[in-house]
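Engineer: 3D model of this:
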Amino acid sequence: MAVLAIPLAAAALEAAADAAAAALIALGAALGIGAAVHMASKDESDKKEGSKEGCPDSSETTPQNNPTGPAQPKSNPLTGEPGETSTTNHPDGTPKQVRKYGPDTYPETDVDYGHDHGQGDPHAHDWGRPSDGSPPTHVDRGVGRPVQPGDPTPN
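Structural biologist: Model (predicted):
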């Protein structure tokens, strides 16, 4: 029984980390500021403590030196045109996240790149909707799952 509890606890912690990162991104978007959120992969967590290797510092994430352009946002907007996709990139120009919007203009599916917390890289998150009809929040962003055919791709 204890052997089964460890993977379940790890999955719960990963889901909580996803929810916390989404909350920070949503808060930054609501306040009109960008926020860089770095999720360490299992390989990075094995590096010596205190090492910043693989984590962008503030000078690497400024819009002025972002190779994808000075206007590149740090996160995708919460709303968009139904059926459309929005892509944000890491400072090196590789995809960070692709978001597809549902018929109600809110996120339908996110595909995240550049980190793996158990679902692979890339991996997808499906968005649910609150039962009271209010706009979705980070709480409605589902746990990661493997990418499937039909998930959004970088544009």
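
Engineer: when you work out contacts or count neighbours from here on, use the C-alpha atoms and nothing else.
Structural biologist: OK.

Engineer: and H138, backbone torsions?
Structural biologist: Torsion angles at H138 (phi, psi; degrees, to the nearest 10) stand at phi -50, psi -30.

Engineer: distance of it relative to R129?
Structural biologist: Separation of H138 from R129 (C-alpha to C-alpha, to the nearest Å): 10 Å.

Engineer: again with E108
Structural biologist: If you measure E108 against R129 using C-alpha to C-alpha, the figure is 9 Å.

Engineer: pLDDT weak spots in this structure?
Structural biologist: Filtered on pLDDT under 70, the chain yields the residue ranges 1-72.

Engineer: hmm, 90 instead?
Structural biologist: Low-confidence segments of the chain, defined by pLDDT under 90: 1-74, 91-92, 117, 155.

Engineer: can you give me the helices for it?
Structural biologist: Here the chain has its helices, by DSSP state H, at 2-31, 42-45.

Engineer: quick one: the strands in this protein, in order.
Structural biologist: Remark: strands assigned in the chain by DSSP state E are 85-89, 95-101, 107-112, 123-126, 145-146.

Engineer: tell me the strands beside the last one, with direction?
Structural biologist: The strands beside strand 145-146 in its sheet (DSSP bridges) come out as strand 123-126 (antiparallel).

Engineer: contacts for the partner strand, please.
Structural biologist: Where contact means C-alpha atoms under 8 Å, 6 or more residues apart in numbering, the residues beyond strand 123-126 that reach it are 108-113, 116, 141-147, 151.

Engineer: between E108 and R129, point out the one with more neighbours.
Structural biologist: Set E108 next to R129 and count neighbours by other C-alpha atoms under 10 Å: E108 wins out with 22 against 16.
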